[in-house]
Structure formats: C-alpha cells, structure tokens
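K.L.:
this one's structure only:
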C-alpha cells in the first residue's frame, strides 16, 4: 500500500483542523456512496475532494478519521441540493487528507489513498444501461449490461489503479431521447449527438427533462442504479477524474452531475464554486466549464468539457475555440516532467462508417469515413493541439477505437483512444477492420472493436505508455504501446 504523498499538497492538510478522534457517530447503512475526486484549487494546485452520499435529504454529515499515525479528524460539509424531491440524499464533502487512508465516522468504510505518483491508470466510458436497447437494466438481472462486473474486476486488479478516469455518460436509463412535457411528446436537447447540423442549434430556451411540466426529471434513483451502485467497489479503489458527457447536459442528467460528480465546490480551497443548472426557460440555459488541469506526480490530466460540442455542426464554435486557447496555456504551465493527457467525452479525432446520405463536408478524402466531432476538430485545427500532449482519451462512440498519427516532417500529433465500451449497448456503425484516413494533412491509422471492456494504462518514461484493453472475464482484447508502430496504429487487436 502506498503511504507517500505529493508534497505540494501539504499546505492543504496543514490548513485543516487537527483534533483527537471524535466519538463513533454515524450509520453505515445511510452511506450510499463514497469516493475521492481530483480538482484544481484556487491556487492552481491539485485538491483531493472526498465525497460521501447519504440517504436522506437532510442527513447530518459525518466526519473522516485517520486510521494510522497522527489522529486527524476532518469535518465534512453538505453540498447544496438542487431538488430534495428528486434527490432525497445528502452529499457531504471535505478536502481529503494526504497522510493516508481515512475512515468515515461510525462505519468501517475506508476512502482510498492519494498516491504521490501515478503508475497505472484505469479508464472507463459510457457505462450506463439503456433499457431501450439492452437487457439487464433492472436490479434483478444483469445480462447484457456488464458494467458492474467490469468495474469489480478493475477494482480487484493487481496491481490496482492509482487513478481512475471516466470519459462521461454515466446515466442512460434516466436520460431518454424523448419525454412528455405538459402532455406533449418532445425531443430532448442533446447538443447534436450524431445528428445533422440543422439540429445542432440553440437560441434561448430548450426542451429538456428538467423543463417545467416534464414527466421525466433527473433523479437520484437513476444515478444510483446506473452508476453509484455498480461502481461502488471501484469508487473506493483510487481517486477519480470525471469528465462530463452529453447525457449530463442540463437538459438531461445535469442536475445530478453538478451535485455528485462536478468538481465545483463552495469549500474555500477549491478553485470554482458549486454550480447548478439554470432553468431551461432562461435566456442562457447552458452550463459551460473552462478546461482545467490536475497534477499527480508524473502525470497531468487536462479535462475538456465537450458536452455541448456538436458532432456534426458548429454549435458554440467560438466557445470551443477559446477552450483550446486555454488548453495551450494550461499545457505551458504544466510541470515540465509530467506526461500530459487530454480527457474529453467527445473525441477530437475519430471516424465511423459514412452513411449513404452523408454530406461531403463530413467525410474524409476517401469518402468512406465520417468524422466525429466537427466542433472540436475545427477548434483543434484553428488552435493547434500542443505537442506536449502525449495522449487524447475520450468516449461517446459506444465502442473502442484507437488511432495513431503519422505526421509529415517534425509535426507530432498525440494518439486518440476512444474508450466508450464500458456498459451501454454497443454501436455497430463504426469500422472494425484496420482503417486509415487523412485529416488536416496528417494520416491516421487505427482499428475499432465492438466489445465491452475497460483499459489499463501503465506509464513509462518521458510520456510513454503501454496499455491493455480488457473485456468480460478478463479477456485481453487489445494491446497498445506508444513507442511502437503497429500496422493498426498505436494499438493492435489480440487474435482470438
């Protein structure tokens, strides 16, 4: 077990109250989930945030207690509940200690150690269950929905993860495409989820699950069943970095996202305050978050909120152009010795089989493949992705795809991994055979798999990495190596 910790976070610990361990107050049966997420502090350093979800909308928050060495007690504070009827739970949080694992008062529940450095990272994406397309979404059966089994396997791996990244889209059962609002069937705003450009516009109010008169608002019950319950062991295995997907837009499961997983907090050490979804009827109903960076030992993660980046149009293009300008600044300020990864729900560079009626502007020069995501690709072309970024990791496509780039001259482009195969019904409209295409003058080579799974990445030296794509029952599906040039790009499938 790792017991050495990042020295640069020490100032956060010394600012916390230290006192003898309090009496055993608490109730383990009320704890619905416990986890640690990494977010930037107001100083720019990285903050580990511990969160505990308790049954009951007005439950008193527990404290956290050290289990070794000096006695430390951390008082947790409640987050603002967006709707106690829809979310009959209390989310408590505190800046987490870096001196070792801590226990939730009155329980035997331990929160994970924050490592001083990262060697292994586990990646999941698109993990929820869609009842319209797959079996097993009910609690009495799990056939067709493997997320729980995959998450348990990742939690039990040896060596285990030092850090866990989720690419977004946690909640499918609670986010249908169509709902009834005041008795009328309406399509939910989804920021252009693989829809034509004409659907990729938003001026003023929208129709969403949380609109006045909706019969399908975001709820804790959907979040519990789709994410927190099946991920319970993995949540306690290591700290997390969460990306927001288009299913966590404010028109969908945004209220829950901002309450449970978003890094904004009203604790004084955190860089941004807790946010809430504005009413759908307001003049500016969307929530955007600026990109941010978290540093942990020899790895820095840049997180880009691409929930509102339209796949096949230019929705909010100017906003995402500014985002890429900010990314360049964050890369410039990153520790010089760090490997740098960009984490974003929607891929920067990915392809699917072109539909017969696809417009020419969506296609690669061969006409065989259609690009995803136009908004991000335009921003990346206008503001070149910094060469210090070693890897781009995404989800969104409901499958696995890996692409490596051969750049002319001395230009360099990071590999793109799409890990969108964590549980939701798999897509079948993307290429599986090895493929190649040209985008912005660079040749991409890759392949895809329609198999459920997750990825383990081991860091090497100077930003290099090796990884394994693991499926159900531990099946090895693919191997990747940033230092090798496979015929299929940065990864190659494992022969069955």
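P.N.:
Yep, it's here. Keep in mind the model is a prediction, meaning the values are calculated, not measured.
K.L.:
Quick check, residue 400 in contact with residue 471.
P.N.:
No - Residue 400 lies out of contact with residue 471 (C-beta atoms under 8 Å); the separation is 9.5 Å. Quick note: C-beta positions are derived from backbone N, CA and C, even for glycine.
K.L.:
ok, those two, which is more surrounded?
P.N.:
Neighbour totals were compared for residue 400 and residue 471, and residue 400 leads with 31 against 20 (other C-beta atoms under 10 Å).
K.L.:
Could I get the pLDDT score of that one?
P.N.:
The score at residue 400 is 96. That number is its pLDDT.
K.L.:
residues touching the nearest residue to it once chain neighbours are set aside, list them.
P.N.:
For residue 400, ignoring the flanking residues on the chain, the nearest one in space by C-beta to C-beta, 6 or more residues apart in numbering is residue 449 at 4.5 Å. Going by C-beta atoms under 8 Å, 6 or more residues apart in numbering, residue 449 touches 399-401, 421, 432, 469, 477-478, 493.
K.L.:
which ones among these are found in strands?
P.N.:
Taking DSSP state E as the definition of strands, these contribute 400-401, 469, 477-478, 493.
K.L.:
Can you list the residue ranges for strands in the stretch 351-496 of the chain?
P.N.:
Counting by DSSP state E, counting those that start in this stretch, the stretch 351-496 of the chain has strands at residues 369-372, 389-394, 400-406, 415-419, 435-439, 442-449, 454-459, 465-470, 476-481, 491-493.
K.L.:
Okay, now the unreliable bits of this protein?
P.N.:
Applying pLDDT under 70 to the chain picks out residues 1-26, 138-143, 194-203, 407-410, 429, 496.
K.L.:
Which helix in it has the most residues?
P.N.:
Assignment by DSSP state H gives helix 317-333 as the longest helix of the chain.
K.L.:
Just list what that one packs against, helices and strands only.
P.N.:
strand 292-296, strand 299-304, helix 374-382 (3 or more C-beta pairs under 8 Å, 6 or more residues apart in numbering; DSSP states H and E).
K.L.:
Spell out the secondary structure type for residue 223.
P.N.:
Using DSSP: H, G, I helix; E, B strand; the rest coil, the structure places residue 223 in helix.
K.L.:
ok, now which ones touch the nearest residue to it once chain neighbours are set aside?
P.N.:
Using C-beta to C-beta, 6+ apart and skipping residues adjacent in sequence, the residue nearest residue 223 is residue 256, 4.8 Å away. Contacts here follow C-beta under 8 Å, 6+ apart; on that basis residue 256 touches 87, 171, 218-220, 222-223, 248.
K.L.:
so what's in contact with residue 400 and residue 471 at the same time?
P.N.:
The contact lists of residue 400 and residue 471 share 451, 453, 477, where a contact means C-beta under 8 Å, 6+ apart.
K.L.:
so who does residue 189 touch?
P.N.:
Here residue 189 is in contact with 202, 206-208, 249, 251 (C-beta under 8 Å, 6+ apart).
K.L.:
Confirm it sits in a strand?
P.N.:
No - membership of residue 189 in a strand is not supported by three-state DSSP, which gives coil.
K.L.:
I'd like the distance from it to residue 317, if you could.
P.N.:
17 Å (C-beta to C-beta, to the nearest Å).
K.L.:
From residue 207, how far off is the nearest residue to residue 221 once chain neighbours are set aside?
P.N.:
The shortest distance from residue 221 to any non-neighbouring residue, by C-beta to C-beta, 6+ apart, is to residue 174 (7.7 Å). Computed with C-beta to C-beta, the distance linking residue 174 and residue 207 is 17 Å.
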